[in-house]
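> I'll drop the sequence and a predicted model, then ask my questions.
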Amino acid sequence: MITPIEIKVNLEGDVADALTRLECTGRPAIDRRIWFAEPRPAGPDTAPTLLSSRIVIRLRSGENDDLTVKLRPCLHSQLVGRWTTPFTDDALRYRIEEDWSSERRVLSASAVSERPAGSLHDATMLGADVTTALDPAQRQFLVSCTPPGVAVDRLSAMGPISSTKWTEVRVGDLEVDAERWRIADLDLLELSLRVTPEHSESHTEVRNRAIDRQRRFETAVRRRGLHIETGETKTQQVLAALTARSIRR
């Protein structure tokens with residue numbers, strides 16, 4: 001199986017200035033709110049439990065709602081049974097892809113359950129257990145593909161994060177997506193594009209095309225006067241901030 005590759009660039013510095021340079025200001029955008037599910041932290045030195053176990057559970061609300069269970073990074077050997085190949089059915093959209101950011105290249109697997117707008121509201125309320133909102137297939141995915149000993153129960157929704165996304169943003173000769181996340185004092189901006197295997201391409205050909213695309217992408221970003229951040233992912237940064245805020249309450 002040859003997987004698609006999502007190439008990401010996280011920007012550092014003033015986000016408003018970056019959006020101006022990218023000509024996003026004033027353009028139509030997609031606004032959503034995002035929560036991540038984690039057990040309530042036990043103390044000030046507690047790291048996000050699921051994230052530390054390479055599990056991400058994300059809820060999004062907007063024109064439509066969705067709930068995603070993601071393993072990242074994961075190994076091909078973790079993915080067993082029906083979870084070895086992507087599929088879409090009435091209940092679930094399951095995808096496997098590589099995530100590239102700077103020199104970090106990992107495999108991820110995501111089970112996405114799409115819901116009507118507003119249907120996840122109760123799961124995000126204080127005191128609610130997010131696990132009750134999981135689709136049965138997502139529970140099966142967790143049981144089948146996560147390491148033993150990871151307890152996925154009694155989860156609280158942490159957020160909301162304000163998300164604004166722009167599509168078809170021109171960066172050099174490339175079209176990319178730009179997504180801004182804001183919560184409290186944290187303001188993050190990520191650019192991304194996808195490399196999808198073409199008919200009859202080999203695994204090596206796809207990777208070589210992705211390497212070239214990543215190089216052109218990062219070069220074009222720097223030519224816009226923007227600075228690339230090479231530290232933690234935006235999910236890691238946001239969950240650290242949300243965990244710290246939860247402990248202070």
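Everything's here; your move.
> Need the contact partners of whichever strand or helix holds residue 73.
Assigned by DSSP states H and E, residue 73 belongs to strand 65-74. For strand 65-74, contacts defined as C-beta atoms under 8 Å, 6 or more residues apart in numbering pick out 54-60, 78, 99, 106-120, 123, 133-135, 138, 141-142, 145-146. Placement of C-beta: from N, CA and C, glycine included.
> Just after the longest strand along the chain, pick out the following helix or strand.
Criterion DSSP state E: the longest strand present in the chain is strand 156-171. Using DSSP H and E, the helix or strand that directly follows strand 156-171 along the chain is strand 174-183.
> what about the residue lying farthest from the centre of the chain, which SS state?
Outermost residue of the chain with respect to the C-alpha centroid, by C-alpha atoms, centre = their mean, is residue 200; its distance is 28.8 Å. Recorded secondary structure, residue 200: coil (DSSP: H, G, I helix; E, B strand; the rest coil).
> For it, give me the pLDDT.
Looking at residue 200, its pLDDT is 89.
> re earlier: of the contacts of strand 65-74, grab the buried ones for PyMOL.
In PyMOL, this line selects whichever of the contacts of strand 65-74 come out buried by 16 or more other C-beta atoms under 10 Å:
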select buried, resi 54+55+56+57+58+59+60+78+99+107+108+109+110+111+112+113+115+120+123+133+134+135+138+141+142+145+146
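> Show me where the chain has its helices.
Along the chain, counting by DSSP state H, helices occupy 15-21, 49-52, 136-145, 203-223, 234-248.
> Between those helices, which has the poorest mean confidence score?
Note on the helices of the chain: helix 234-248 shows the lowest mean pLDDT, a mean of 80.
> Using neighbour counts, pick out the buried residues of that one.
So helix 234-248, judged by 16+ other C-beta under 10 Å, has buried residues 234-235, 237-239, 241-243.
> returning to what we had before: could the helices of the chain go into CSV alongside distance to residue 175?
Shown next, in CSV, are these (distance: least, C-beta to C-beta, whole Å):
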stretch, distance to residue 175
helix 15-21, 16
helix 49-52, 31
helix 136-145, 32
helix 203-223, 11
helix 234-248, 21
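> Just tell me which of these ends up closest to residue 87.
Nearest to residue 87 among these is helix 136-145; the distance by C-beta to C-beta comes to 10.2 Å.
> Specify the angle between that closest one and strand 65-74 in degrees.
The directions of helix 136-145 and strand 65-74 differ by 10 degrees, with axes from the mean of the first three to the mean of the last three C-alpha atoms, to 10 degrees as the criterion.
> Return helix 136-145 as PDB; C-alpha atoms alone will do.
Provided in PDB are the C-alpha atoms of helix 136-145 (Å, rounded to 0.1, in the frame of the first residue of the first chain):
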ATOM      1  CA  PRO A 136     -18.600   1.700  18.000                       C
ATOM      2  CA  ALA A 137     -16.100   1.300  15.100                       C
ATOM      3  CA  GLN A 138     -13.800   3.900  16.700                       C
ATOM      4  CA  ARG A 139     -13.900   1.900  19.900                       C
ATOM      5  CA  GLN A 140     -13.000  -1.200  17.900                       C
ATOM      6  CA  PHE A 141     -10.100   0.700  16.300                       C
ATOM      7  CA  LEU A 142      -8.700   1.600  19.700                       C
ATOM      8  CA  VAL A 143      -9.100  -1.900  21.100                       C
ATOM      9  CA  SER A 144      -7.500  -3.500  18.100                       C
ATOM     10  CA  CYS A 145      -4.600  -1.100  17.300                       C
END
